[in-house]
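# Provide a 3D model corresponding to the input given below.
(one chain, ligands or ions: 1)
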Amino acid sequence: MTDRPVLWITRRLSDATLERAARDYEVILDSDDRPRGPEEIVEMSRRVDAILPCHSEVFSADVVARLDDRVKIIANHSVGVDHCDLAALKARGIVVTNTPDVLSDATAEIAMLLMLGAARRAVEGDRLVRTGAWDFWSPSFMVGKQVSGARLGIVGMGRVGRAMAARARGFGMEIHYHNRRRLPPEQEQGATFHESLDSLLPVSDFLSLHCPATPQTTGMMNAARFARLPRGAVFVNTARGALVDEEALLAAIESGQLAAAGLDCFVTEPGGNPTFAAHENIFMLPHIGSATTATRDAMGFRALDNLDAFFAGKTPKDML
Ligand code: DGY
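Now for the predicted structure:
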């Protein structure tokens, strides 16, 4: 039993994941469910063979440089890996994996919810009914923006982007996308490819981000980019807050350039951006794109599959 690898699970994962992990590993799991800071990560690295973190634990170059040689693999419980300095981890010979595929449907569901809720004024409508302030009705009351038949611009046509496109097609939306590479026709399914983001924006009545946060994409939705959207566009972000210049987003909302926004991700998390709260046409959720029971189990199992492969001497499926 004692030769089982020691695995540090940084956050409270699903029960099924924790049960399986405890069956196969010597698990270290604190009862308090909170993000782990740099010193804690470095300290713990002396005691463990593997770490199963979430995007809330940051493996910066500095942290990676100070990790103990004992740690051999970081098996992330996330598809996004912007919290990991991949080059630094590679240089240290530490294997890094993520959990692609399994959260695409759940994240696309949240993107649809945000798109519809922002377009049809869900925050304002809910507040009116909930507070008893709903005392009026007219054909001109709470008129929103119709999704059906509109053009949806998708930035990043990977697994989540394609899941979003599939759902949006069900609403009769015309799909446009920008991606590093054009997709083959069977994946494109009639969507229009744009070689540049700047060409996608003017045809996007709705714009939804589904690309990773990298040094190249950080802050890409800036004032100039918001200005390229059709006036009254709706902006949706379920990817990463870092993709957006939040001051520019606020200015676009305040000027009416954006009719509404639906956001599950913020530059500062947890917490979000308090300046958005004054605007009921910003529909906000607290980074819960993948937060369904089925998806949490699938993410946990995928991370454990990667660990199992690694400790069996194989290449993990999701090795980056
Ligand atoms: C992901 O998997 O990247 C989600 O944002 C949750 O961490």
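
# Could I get the full set of helices for the stretch 51-200 of the chain?
Along the stretch 51-200 of the chain, the stretches classed as helices by DSSP state H, counting those that start in this stretch are 61-66, 86-91, 104-119, 122-130, 159-170, 185-188, 197-200.

# Same list (those helices) but as a markdown table, adding distance to the ligand.
Backbone N, C-alpha and C define where each C-beta goes, glycine included. As requested, the helices of the stretch 51-200 of the chain are arranged in a markdown table below (distance: least, Cβ to the nearest ligand atom, whole Å):
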| stretch | distance to the ligand |
| --- | --- |
| helix 61-66 | 18 |
| helix 86-91 | 14 |
| helix 104-119 | 7 |
| helix 122-130 | 22 |
| helix 159-170 | 9 |
| helix 185-188 | 21 |
| helix 197-200 | 21 |
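
# Deepest in the core, which of the ones you listed is it.
helix 104-119 (a mean of 23; mean count of other Cβ atoms under 10 Å).

# Extract the C-alpha trace of that helix and format it as CSV.
C-alpha atoms of helix 104-119 as CSV (Å, rounded to 0.1, in the frame of the first residue of the first chain):
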residue,chain,number,x,y,z
SER,A,104,-17.5,21.2,-23.8
ASP,A,105,-21.3,20.6,-23.5
ALA,A,106,-21.7,22.1,-20.1
THR,A,107,-19.7,25.2,-21.0
ALA,A,108,-21.7,25.6,-24.3
GLU,A,109,-24.9,25.4,-22.2
ILE,A,110,-23.7,28.3,-20.0
ALA,A,111,-22.7,30.3,-23.1
MET,A,112,-26.2,29.8,-24.5
LEU,A,113,-27.7,30.8,-21.2
LEU,A,114,-25.6,33.9,-21.1
MET,A,115,-26.3,34.8,-24.7
LEU,A,116,-30.1,34.4,-24.3
GLY,A,117,-30.2,36.0,-20.9
ALA,A,118,-28.2,39.0,-22.0
ALA,A,119,-30.2,39.4,-25.2
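
# Could you tell me how far that helix lies from the centre of the chain?
Remark: helix 104-119 is offset 12 Å from the chain centroid, using Cα atoms, centre = their mean, to the nearest Å.

# again, but for stretch 109-123
On the basis of Cα atoms, centre = their mean, stretch 109-123 sits 16 Å off its chain's mean C-alpha point.

# List the contacts of the residue nearest the centre of the chain.
Closest to where the C-alpha atoms of the chain average out (Cα atoms, centre = their mean) is residue 239, at 3.5 Å. Contacts for residue 239 (Cβ atoms under 8 Å, 6 or more residues apart in numbering) come out as 80, 156, 160, 209, 210, 211, 212, 213, 265.

# Let's see that with 7 Å instead.
156, 209, 210, 211, 265 (Cβ atoms under 7 Å, 6 or more residues apart in numbering).

# now swap in residue 61 and tell me
Contact analysis of residue 61 by Cβ under 7 Å, 6+ apart lists 85, 88.

# same thing with residue 261?
Contacts of residue 261 (Cβ under 7 Å, 6+ apart): 118, 234, 235, 249, 253, 282.

# And for residue 37?
With contacts defined as Cβ under 7 Å, 6+ apart, residue 37 has no neighbours.

# For it, grab phi and psi.
In terms of degrees, to the nearest 10, the main-chain angles of residue 37 are phi -80, psi 170.

# From residue 122, how far off is it?
Look at residue 37 and residue 122: by Cβ to Cβ, to the nearest Å, they are 36 Å apart.

# ditto for residue 22
Distance of residue 22 to residue 122, given as Cβ to Cβ: 41 Å.

# which stretches of this protein have low pLDDT?
Residue ranges of the chain with pLDDT under 70: 1-2.
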